[in-house]
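1. sharing a model that was predicted from the sequence below.
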Amino acid sequence: MMRILVVDDDDAIRKMFHLTLEDTDYSLDTAESGEEALRLVKEHRYDLIYLDLKMPRMNGVETLRELRKIVGKIPIYIITAYHQEFFAQLKSAIADGIDFELLRKPVDHQQLILITESILGKPKAYR
Amino acid sequence: MKNTKMVVEEGLESCRNVVLELYVAGATSKYREIIEEFRTFLESTFSGNYELTVLDIIDNPQAGEDKKILATPTLIKKFPAPEKRIIGDLSLKEYIIKALGLENMKIESFDQQNSEQERKKELL
C-alpha cells in the first residue's frame, strides 16, 4: 500500500486529508510540524508528501530542505496559494537544486483524490 | 479593435493542429530535460504542427491562479476543443496524448487518412 505524509499545522487541513483519502487505497500519516515530519520520515518510507508552506517555527521551505536530505527523490508537493509573496523562499530552494511541486490551496475532496491518483498512479485527464 | 485582435489570435491558433500549455513549478534542470524530451516527442508525433507554451508558476503565480491550476505539472490541451487537462508524469508521453484525446491528430493518422482518400480517388 502506498503511503502518504501530510504536514500541516492546521488541524482542519489534516482532518480534510484524512476524510478525503481514508476510503482510498492509500495509507495516510499526518504531522503538525516540520520537526514531527522529520521524525516520521526517518521511521517510515513514504511515496508522497504534502507539505504546508506557512507553518510556525520550521516553515515549509526549511522543512523541505531537511526532508530532501532524507527522502531522496519522492514527490513533495508544497501546499500554497499562488501569491508572489510566498514564493521568494521557494525560488532560493530551486536555485539550490531542491525539487518540489505545487498544490493549490484551497482544494476540494474530489480535486485532492484526482491529484493524488494522478501523482501516484496514472495521470487522469479532466475538463 | 478588441474584436479584431481576438480574430487574429484565433486565426493564429487555428494554424496549429495542436495547442498545448504546460504549467510547471520552477525551471529546474529536471524540468528542462523533461520539457526538451516532450518537445522532441511532440515534434515527431505531430510533425512540427503543434504549439507548446511553458509557464512557470513560481515566476508567474498569477498565470497559475488565472487558470486555476490545481497542481504542477499540469498540461492543458487548448486546441482542438474541448479543453482538457492532465496532472502528473510527462514521461508517459503516449499515454498523455491518448488521455488528452489527441491520438487521431498524430501524423501517422493523417498519413493514413491521406492514403485512404487517395485510394478512394483511384477507385473513382
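-> Cool, the structure landed.
2. can we go C-alpha only for contacts and neighbour counts from here?
-> OK.
3. remind me which helix or strand the residue positioned nearest the centre of chain B belongs to.
-> Centroid-nearest residue in chain B: residue B:20, 2.9 Å away (criterion: Cα atoms, centre = their mean). Here residue B:20, judged by DSSP states H and E, is contained in strand B:18-24.
4. check which element follows that strand along the chain.
-> Heading C-terminal from strand B:18-24, the first helix or strand you meet, by DSSP H and E, is helix B:29-45.
5. I'd say the residue nearest to the centre of chain B and residue B:74 touch.
-> No: contact criterion Cα atoms under 8 Å: residue B:20 and residue B:74 do not qualify, at 10.4 Å.
6. and residue A:105, how far from residue B:78?
-> Going from residue A:105 to residue B:78 by Cα to Cα, to the nearest Å gives 24 Å.
7. more neighbours, the two?
-> Neighbours were counted for residue A:105 and for residue B:78 using other Cα atoms under 10 Å in any protein chain shown; residue B:78 has more, 17 against 14.
8. spit out the contact partners of the more buried one.
-> B:18, B:19, B:20, B:21, B:84 (Cα atoms under 8 Å, 6 or more residues apart in numbering or on different chains).
9. would you mind writing the CA trace of stretch A:41-56 as CSV?
-> Provided in CSV are the C-alpha atoms of stretch A:41-56 (Å, rounded to 0.1, in the frame of the first residue of the first chain):
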residue,chain,number,x,y,z
VAL,A,41,10.3,10.1,7.5
LYS,A,42,13.2,8.5,9.5
GLU,A,43,10.8,5.8,10.7
HIS,A,44,8.7,5.1,7.6
ARG,A,45,9.1,5.1,3.8
TYR,A,46,6.7,7.4,2.1
ASP,A,47,5.6,7.6,-1.6
LEU,A,48,4.3,11.2,-1.5
ILE,A,49,4.5,14.2,0.9
TYR,A,50,2.1,17.1,1.0
LEU,A,51,3.7,19.9,2.9
ASP,A,52,2.2,23.2,4.0
LEU,A,53,4.3,26.3,3.1
LYS,A,54,3.3,28.6,6.1
MET,A,55,4.0,26.9,9.4
PRO,A,56,5.3,28.3,12.7
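10. next one: that stretch to chain centre, how far?
-> Remark: stretch A:41-56 is offset 6 Å from the chain centroid, using Cα atoms, centre = their mean, to the nearest Å.
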